[in-house]
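1. no sequence for this one, just the structure:
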C-alpha cells in the first residue's frame, strides 16, 4: 500500500479531514492523496501558496514573519499549517515550504525544506530537512513523500 493510501486509511479510521498547505511542492501532496479513489472522504481542501502574497492572503501568514524569517523557515511553515486549519473544515494539516532549486544561498541552500504539521487540539510540530541538491524534481518528490510520512505519524501517535 502506498504512503498516500496509508494516510487516507488512517485518517478515515480516525474520522479526520486533511488540508495540505504547499509552496515548493505546488500541490503534489494533495495530488498524491486525491489520485486515490475515495479520497474525498478525507481530503477537505488544499492550498498552493507559492508566493508570499498568497501565503498571507490564503493562509494568514503574517508579513512580519515573512520579513523576519523568510518564506523558507519553520516559522512560516508553522503559520501555513495553522492557517490551513483556521481556513478550512480540516482536522489535520501539513505545510511545506522550501528551496527546490536550482539555486539557493549560503544561508538557505538548495534542498532545504521546512515542514509543519498541526492537528486540531494538539501542538504544531515543525522541522527542517536538508535534502541536498539532487535536482528540483527529486527535492520536490522527497518533500512530498516526507510530508505524507509526517501526516501518517500524526495519525498514528
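-> Arrived safely. The model shown is predicted, which means the values in this text are computed figures rather than measured ones.

2. the strands in the protein, which residues?
-> 21-22, 47-48, 92-98, 112-119, 125-130 (DSSP state E).

3. partners of the longest one, with directions?
-> In the sheet containing strand 112-119, the strands it pairs with under DSSP bridges are strand 92-98 (antiparallel), strand 125-130 (antiparallel).

4. and residue 48, bridged to which residues?
-> residue 22.

5. what about it, distance to residue 97?
-> For residue 48, the distance to residue 97 equals 11 Å [Cβ to Cβ, to the nearest Å]. Bear in mind the C-beta positions are built from the backbone N, C-alpha and C, glycine included.

6. Turn the strands of the chain into TSV, including mean neighbour count, distance to residue 80 and mean pLDDT.
-> Listed next are the strands of the chain as TSV, based on neighbours: other Cβ atoms under 10 Å; distance: least, Cβ to Cβ, whole Å; pLDDT from 0 to 100:
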stretch	mean neighbour count	distance to residue 80	mean pLDDT
strand 21-22	30	4	98
strand 47-48	19	8	98
strand 92-98	29	4	98
strand 112-119	24	7	98
strand 125-130	15	10	98
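
7. Out of those strands, which is closest to residue 9?
-> Closest approach to residue 9 among those is made by strand 92-98 (13.8 Å; Cβ to Cβ).

8. Need the pLDDT of residue 124.
-> In this model, residue 124 is scored at 98, pLDDT.

9. That one contacts residue 116, correct?
-> Yes - applying Cβ atoms under 8 Å, one finds residue 124 in contact with residue 116, separated by 5.5 Å.

10. what do the two both touch?
-> The contact sets of residue 124 and residue 116 overlap at 78, 81, 82 (Cβ atoms under 8 Å, 6 or more residues apart in numbering).

11. Enumerate every residue touching the residue positioned nearest the centre of the chain.
-> The structure's the chain has its C-alpha centroid closest to residue 95; by Cα atoms, centre = their mean the separation is 2.4 Å. By Cβ under 8 Å, 6+ apart, the residues touching residue 95 are 20, 21, 22, 23, 77, 78, 80, 81, 84, 115, 116, 117.

12. same thing with residue 46?
-> With Cβ under 8 Å, 6+ apart, residue 46 has these contacts: 19, 20, 21, 22, 27, 29, 30.
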